[in-house]
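**Q** One predicted model, sequence on top.
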Amino acid sequence: QVQLLESGGGLVQAGGSLRLSCAASGRTFSTYAMAWFRQAPGKQRELVAGISRGGTTYYADSAKGRFTISRDNAKNTIDLQMNSLKPEDTANYYCAANRAGYRTNSRDYDYWGQGTQVTVSS
């Protein structure tokens with residue numbers, strides 16, 4: 001069992017930055033692939049970025065060049081550094097964990113946090 005808790009969301013102006021963090025419980029954190037998803041009102045949940053057990057990173061096209069995902073297995077955390085934020089980045093951001101490895105489909109993830117809201121004003 002893994003419990004995930006996100007933090008770091010908030011209100012920021014377009015062009016600004018935010019850093020999201022996800023803290024995980026459990027001793028087996030390093031064996032999970034991790035990812036950040038987001039969901040805006042009326043839209044489907046979408047992948048933002050992922051990181052494999054070995055540290056390989058993956059990004060949605062919308063995040064490439066602006067967002068950076070990282071993990072610290074010693075601290076059981078993953079972060080998402082978001083720069084050059086746009087109003088279309090406004091969403092609830094979720095941290096997710098998958099025992100089977102990195103996947104792009106949210107249905108493949110075993111554990112989820114409750115989310116943290118990011119609002120980008122124009």
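**A** Sure, I can see it. Residues are numbered from 1 along each chain as shown.

**Q** for the chain, which residue is closest to the average position?
**A** Closest residue to the average C-alpha location of the chain: W36 at 2.1 Å, with CA atoms, centre = their mean.

**Q** buried set for stretch 112-122?
**A** Under the neighbour-count criterion of 16 or more other CB atoms under 10 Å, stretch 112-122 has 112-113, 115-116, 118, 120 buried. Where you see a C-beta, it was placed from the backbone N, CA and C, and this is true even at glycine.

**Q** What's the end-to-end length of that stretch?
**A** Length of stretch 112-122, first residue to last, CA to CA, to the nearest Å: 30 Å.

**Q** quick one: contacts of it?
**A** Applying CB atoms under 8 Å, 6 or more residues apart in numbering, the set of residues contacting stretch 112-122 from outside is 4-14, 16, 18, 20, 22, 38-39, 82, 85-97.

**Q** Out of these, which sit inside strands?
**A** 4-7, 10-13, 18, 20, 22, 38-39, 82, 91-97 (DSSP state E).

**Q** on that earlier part again, are any of the contacts of stretch 112-122 buried, and if so which?
**A** In these, the ones that pass as buried (16+ other CB under 10 Å) are 4, 6, 8-9, 12, 18, 20, 22, 38, 82, 85, 89-97.

**Q** Could you export stretch 52-72 as CSV, CA atoms only?
**A** Below are the C-alpha coordinates for stretch 52-72, written out as CSV (Å, rounded to 0.1, in the frame of the first residue of the first chain):
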residue,chain,number,x,y,z
SER,A,52,10.5,5.4,-14.3
ARG,A,53,12.0,3.5,-11.4
GLY,A,54,15.4,4.1,-12.9
GLY,A,55,14.9,7.8,-13.3
THR,A,56,14.0,8.1,-17.0
THR,A,57,11.7,11.0,-17.6
TYR,A,58,8.7,11.4,-20.0
TYR,A,59,6.7,14.5,-20.8
ALA,A,60,3.5,15.3,-22.6
ASP,A,61,4.1,17.6,-25.5
SER,A,62,2.4,20.4,-23.6
ALA,A,63,4.9,20.1,-20.8
LYS,A,64,8.1,19.7,-22.8
GLY,A,65,10.6,22.5,-22.2
ARG,A,66,8.6,24.0,-19.4
PHE,A,67,8.1,21.2,-16.8
THR,A,68,10.7,19.0,-15.1
ILE,A,69,9.9,15.9,-13.1
SER,A,70,12.3,14.5,-10.6
ARG,A,71,12.4,11.9,-7.8
ASP,A,72,14.3,11.4,-4.6
